[in-house]
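# Whatever this is, show me its structure:
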Amino acid sequence: MIRQKLAAHRNLLAAERTLLAYIRTALCFGAVGASMLKFFGDSLVYQVLGWVFLPLGLIITVLGFWRYSQSRRLIARLHHQEPERRKPDLFE
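Presented below is the predicted three-dimensional model:
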């Protein structure tokens with residue numbers, strides 16, 4: 001029982017680390033997009049790239065939170081099942 005709880009906690013921590021990686025990536029995309037618009041706004045190519053990178057950052061953020069919520073629900077559901085009924089792979 002303790003082993004199962006520790007495994008669930010490890011999986012939750014891994015999901016949180018993954019969420020932070022998504023947020024870090026999204027912030028980088030947003031910063032690059034804003035920088036292109038602010039500092040290279042004279043060129044049409046950089047303006048287009050800047051406006052592409054900004055929404056990509058938002059999309060990556062939403063995707064990260066969505067995957068994190070799915071992982072939390074899956075971990076919670078698997079943690080409360082009986083050991084015989086558990087799936088062998090956590091993220092199928």
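
# just checking, what packs against the biggest helix by length in the chain?
Using DSSP state H to assign secondary structure, the helix with the most residues in the chain is helix 2-39. Packing partners of helix 2-39 (3 or more CB pairs under 8 Å, 6 or more residues apart in numbering; DSSP states H and E): helix 44-79. (C-beta placed from N, C-alpha, C; glycine too.)

# Against residue 9, how distant is the residue nearest to the spatial centre of the chain?
By CA atoms, centre = their mean, the chain has its centre lying nearest to residue 64, at 2.5 Å. Separation of residue 64 from residue 9 (CB to CB, to the nearest Å): 20 Å.

# Likewise for residue 25?
Residue 25 sits 25 Å away from residue 9, going by CB to CB.

# Show me which of the two is the more surrounded one.
The residue with more neighbours, out of residue 25 and residue 9, is residue 25; 16 against 12, by other CB atoms under 10 Å.

# so who does that one touch?
Contact analysis of residue 25 by CB atoms under 8 Å, 6 or more residues apart in numbering lists 60, 64.

# so where is this protein shaky, pLDDT-wise?
Counting by pLDDT under 70, the ranges of the chain that qualify are 1, 81-92.

# residue furthest from the geometric center of it?
residue 42 (33.4 Å).

# Could you tell me how many residues sit around the residue nearest to residue 15 when sequence neighbours are not counted?
Distances taken as CB to CB, 6 or more residues apart in numbering put residue 71 closest to residue 15, at 4.1 Å, once the chain neighbours are dropped. Residue 71 has 19 neighbouring residues, counting by other CB under 10 Å.

# Same check on residue 58?
With neighbours defined by other CB under 10 Å, the count for residue 58 comes to 13.

# Which residue comes closest to it once chain neighbours are left out?
Nearest one to residue 58, counting by CB to CB, 6+ apart, is residue 26 at 7.2 Å.
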